[in-house]
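1. The sequence and its predicted three-dimensional model are supplied below.
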Amino acid sequence: MNIPHDSAHKHVSGQSVYIDDIQVNSQLLIGRIVYSKCAHGKIKTLDLEAAKKLQGVHAVLCYKDIPGANQMGPVIHDEPCLAADEVICVGQAIVLIAAETEEIAIAAEKLIRIEYEEQEAILNLRTAIAKNSLLAPARTMKRGDADAALKKAKHILKGELETGAQEHWYLETQSCLCVPGEQQEITAYSSTQHPSETQAIIAEVLGVGKNEIVVETRRMGGGFGGKETQGNWAAAWSALLCNATKRPVKIRLFRDDDQIITGKRHPYLIQYEVGFDDVGKISALKFEQHADGGCATDLSLAILERAMLHADSSYFIANMEVIGKAYKTNLPSNTAFRGFGGPQGMAGMESVIDRIARFLKKDAVDVRKINFYGIDKDNITHYGQEVELNRLDTMYEQLMKSSDYRSRRKAVDEFNSKNEFYKKRISFNACKIWYIVYYVVFKSGRCFGKYL
Amino acid sequence: MQQTISFVLDDKIQTLAFNEQLSPTTTVLNYLRNSPVHKGVKEGCAEGDCGACTVAIGELGADGKLHYHAIDSCLVFLPMLNGKQLITVENLMQRGGGEEILHPVQKEMVECNGSQCGYCTPGIVMSIFSLYKTENNPTKEIIEDSLTGNLCRCTGYKPIIEAAAKACVNNGVDFFTKNEKHIIGLLTQIKKDSQSVDIETKKQKYFQPKTKAEALELRDKKPNSILISGATDVALRVTKRHDLLEEIIDLSHIEELKKCTRTDYVIKFGAGMSLEEVKKVSKNELPALNEALTVFGSKQIRTLATFGGNLGSGSPIGDTLPVLMAYNADIKLQSVNEERIVNMNNYVLSYRVTARKPNELITKVIIPKPVAGTIVKFYKVSKRKDLDISTVSAGFSLLIEKNKVSAITLAYGGMAAITKRVAKAEAFLMGNEWTRENVEQAMELIAGDFTPISDARSGAEFRSVAAKNLLLKFWNETHH
């Protein structure tokens, strides 16, 4: 039965209300973020005087004006709300402006003078690896003895896979409207995936109890992980401006600013060494996963662990070792994104399988099949969990048949041998997703529970 | 001259005067979003990439009927609406007897699960609405073309395409059909009284002449003013750089510039024709131009952008330039006291500098019909097929007579500061056989004609390899 989306009728008729659509009274001020143009450096000069004097400007705030903690890291407290004396990435917030109109806020920004003393910046993963710029000690997961098994293996291959960053591009940019209440109270209408954390962060920067802050999240115009922790930012910033002016303040980032300020999917460099026999059965595998965490920890370590937990993809490997390292670089802090590290981890493994198949001149599907997790044996992952409800073999049989894989493969090979410039491809991939349950209490707002 | 503009919104004539509060470069998007009842229109990017701001325009055609087009409201300045009907997502739903009655497009979007987060949905509804009004039982290709300008990030394109296919089956009949007479009446009334527009506020001047003669006069007096027609490029200066545009001449309301005429040998396109119109007209006779326009921007952009505007910008990518060079097209330039023809090969002089003098306007693009047997092709290399800027583009033409190349043009965009032909490779191939060996030798000569740059779109090396391989692709598609 087709059950329409609960809001479908409102979506299609333009009646759904997103943050920027909320009707506010004429007291509304527009918030704007002035951010670093320097990837790494000391702030030499910060001159806000001219901007403060501009007519229509109601607040110009820097880190000194934060009544609570200058901190908005969700797990590790390594993320200043506004840069103090040092900037660590382009896009890092330094100054907040509240003005009567967008035009005035932009004009005020142009009057702000910031000078930097530039310092060496780490702008890619390979430099970070060379400098061993770790966010936290390396993590290891292992089962068996990969080194010993590699020595015994008939064939050994070494290689690496690089995966890139990815912009979330939620259609609705980061937005929050804060409305002052009684005394220190603020109601934040926030486009956040994590209302209770947004509440906690606002309370922390304002130095007030969480009970003073109400976070209301009706819906988001997309999030995809980009608003899991970084939705907190616009909320904390608009709350500071709201607190300073005692007027409603709305921040809705321009698309360009959003893309510059916020983090992306974690780029990975995955290095491997694999040992296998003539049919492609893997006996030993070592992975070293390197993740670009950006300038702060954010969720990088949880994402790293998830990548490590998915490094086996759907395959049983008797001797396996996964080392995971997340690095600090001078890029906006990379964050959650659909799959949360899982896609990177699985991509590393599938790339190993394809490499083995090419080496042995076999169809990769056959290499996949013989390495699948077993039902009664070979069914424990490299992190010690039993693979339950394993339907891999059944699904394999059904899909091979229903897709008519073998004859299509033959047709593809034939086409490719006859055509120099145009090539076709067919592939068969399995996927095992490790389900993670977060504390449901985190998500207890109007929306709770979480799919990853 | 009139200082105000008028358009139809919510079934009523809206007349706007401009002042300190309402600038003539206010976008339609911002105007609508400032109204309490049109917040369904969304801003996703403010540069015509995502289509969340899509609205429909109803225009009174020469045939006396209303024609509907989807456009990106973030790229349209308010005065450009003069004399048109503006339709937003809110206008599609009817309220009657305490009930909300959805338009067939909206109904199918609900039933096919066409929305997830819902933010792109109003724009998508408007794109499908304009399709609904123009095509019956559209093919999948036509549906997809109508949606190239709409991004959905929750990835629901399949149900959206399904909704469009299911909705567009009523020959465009809907509430708007019943109301058409009323709207035509209002638009006729606006047209009847309309004059050229001359808006002056404290900070800005905005002219919207109705005739070419007036435009040429204006241009002569104000050679430094900003010219717009579709404004798809210039609008970014407002939405992205927050520039104040002080003096604008808007050519979008000059009917003479929108005409297409033809002789046995040439097709003459008015510079004010929209690229969507040029695409339609070129379909049979100039297929390579049609192909170039199929992957040019999105339908919303092509509906606004004009032939003259694209050539006026003189961008190094060129978009239409390589293929126009392959067709050996001419541009007609006019000023108050002179008109002249410039060949496409001599048109762009250096980076964004063209042969057009400050007091001149582009009035026509003249394309000779290719000599029988000539093959003209367009290629574009970009990160995605639709709505992307070319990394490298190429326009090639080839005539083989008696087994030898008797005419060849190899023009590339994106390889240098201007769109450029590869003289050495062309000279080498002329008079030679069209064989792979010869083409491969010519490919090596291409490198000598260019020193491409590395930028966000690609590295110089990729550009060089792509440019060479496009020639090989051309050979592969044309040899026998």
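-> Ah, there it is. This structure is a prediction, so every number in the text was calculated from the model and none was measured.
2. going forward, measure contacts and count neighbours with C-alpha atoms only.
-> Fine.
3. Next, the contact list for residue 329, please.
-> In the absence of a named chain, this looks at chain A. Contact analysis of A:Thr329 by Cα atoms under 8 Å, 6 or more residues apart in numbering or on different chains lists A:Ala121, A:Ile122, A:Leu123, A:Asn124, A:Leu125, A:Ala128, A:Ser133, A:Asp292, A:Gly293, A:Gly294, A:Cys295.
4. not quite, I wanted chain B
-> B:Ala329 makes contact with B:Asn343, B:Met344, B:Val365, B:Ile366, B:Ile367, B:Pro368, according to Cα under 8 Å, 6+ apart.
5. Can you pull the phi/psi pair for the second one?
-> The reference is to B:Met344. Main-chain dihedrals, B:Met344, degrees, to the nearest 10: phi -60, psi -30.
6. cool, and the last one?
-> Backbone torsions for B:Pro368, taken as degrees, to the nearest 10, come to phi -70, psi 140.
7. And for the longest helix that chain A contains, what's in contact with it?
-> Scanning chain A for the longest helix, with DSSP state H as the assignment, gives helix A:342-360. Helix A:342-360 is contacted by residues A:157, A:161, A:163, A:268, A:270, A:272, A:274, A:278-280, A:303, A:306-313, A:363-364, A:367-368, A:431, A:433 when judged by Cα under 8 Å, 6+ apart.
8. quick one: which of those sit in helices?
-> Per DSSP H, those map to helices at A:Ile303, A:Arg306, A:Ala307, A:Met308, A:Leu309, A:Ala364, A:Val367, A:Arg368.
9. For the longest helix of chain A, list every residue counted as buried.
-> Of the residues in helix A:342-360, A:342-357, A:360 count as buried by neighbour count, 16 or more other Cα atoms under 10 Å in any protein chain shown.
10. How about the contacts made by the residue of the stretch 251-400 of chain A found nearest chain B?
-> The nearest approach of the stretch 251-400 of chain A to chain B comes at A:Arg255, 5.3 Å away (Cα to the nearest Cα). Applying Cα under 8 Å, 6+ apart, one finds that A:Arg255 lies in contact with A:Thr173, B:Gly44, B:Cys45, B:Ala46.
11. give me that answer again for 6 Å
-> Shown in contact with A:Arg255 (Cα atoms under 6 Å, 6 or more residues apart in numbering or on different chains): B:Cys45.
12. Tell me the pLDDT of it.
-> The per-residue pLDDT reported for A:Arg255 equals 98.
13. where's it relative to B:Ile249, distance?
-> Going from A:Arg255 to B:Ile249 by Cα to Cα, to the nearest Å gives 29 Å.
14. Who's the closest spatial neighbour of B:Leu9, skipping the chain neighbours?
-> In space, and not counting its chain neighbours, B:Leu9 is closest to B:Leu86: 5.3 Å by Cα to Cα, 6 or more residues apart in numbering or on different chains.
15. got a pLDDT number for that neighbour?
-> For B:Leu86, the model assigns a pLDDT of 98.
16. can you pull up the bridge partners for it?
-> Under DSSP bridges, the beta-bridge partners of B:Leu86 are B:Leu9, B:Ile57.
17. Please tell me I have it right and it contacts B:Glu59.
-> No. If you go by Cα atoms under 6 Å, B:Leu86 and B:Glu59 don't touch, sitting 9.1 Å apart.
18. Where does the record place the domain boundaries for chain B?
-> Per automatic domain parsing, the structural domains of chain B span B:5-91+B:176-250, B:104-173, B:255-368, B:375-478.
19. Pick the most buried one from those domains.
-> Across these, the average number of neighbours (mean count of other Cα atoms under 10 Å in any protein chain shown) peaks for domain B:104-173, which reaches a mean of 22.
20. Quick check: mean pLDDT of it?
-> 97.
21. And chain A, is it touching that?
-> Yes. With Cα under 6 Å from any Cα of the partner chain as the criterion, chain A is reached by domain B:104-173 at B:Gln106, B:Val110, B:Cys117, B:Gly118, B:Tyr119, B:Thr121, B:Pro122.
22. Make TSV from the residues you listed and add secondary structure to it.
-> Shown next, in TSV, are those (DSSP: H, G, I helix; E, B strand; the rest coil):
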residue	secondary structure
B:Gln106	helix
B:Val110	helix
B:Cys117	coil
B:Gly118	coil
B:Tyr119	coil
B:Thr121	helix
B:Pro122	helix
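23. Identify the farthest-apart pair in those.
-> B:Gln106 and B:Cys117 (15.4 Å; Cα to Cα).
24. Around chain B, pick out the residues from chain A.
-> A:Ala8, A:His11, A:Val12, A:Ser13, A:Gly14, A:Asp21, A:Leu171, A:Gly221, A:Gly222, A:Arg255.
25. Out of those residues, the closest to chain B would be?
-> Using Cα to the nearest Cα, A:Gly14 is the member of the residues of chain A next to chain B that lies nearest chain B, at 3.9 Å.
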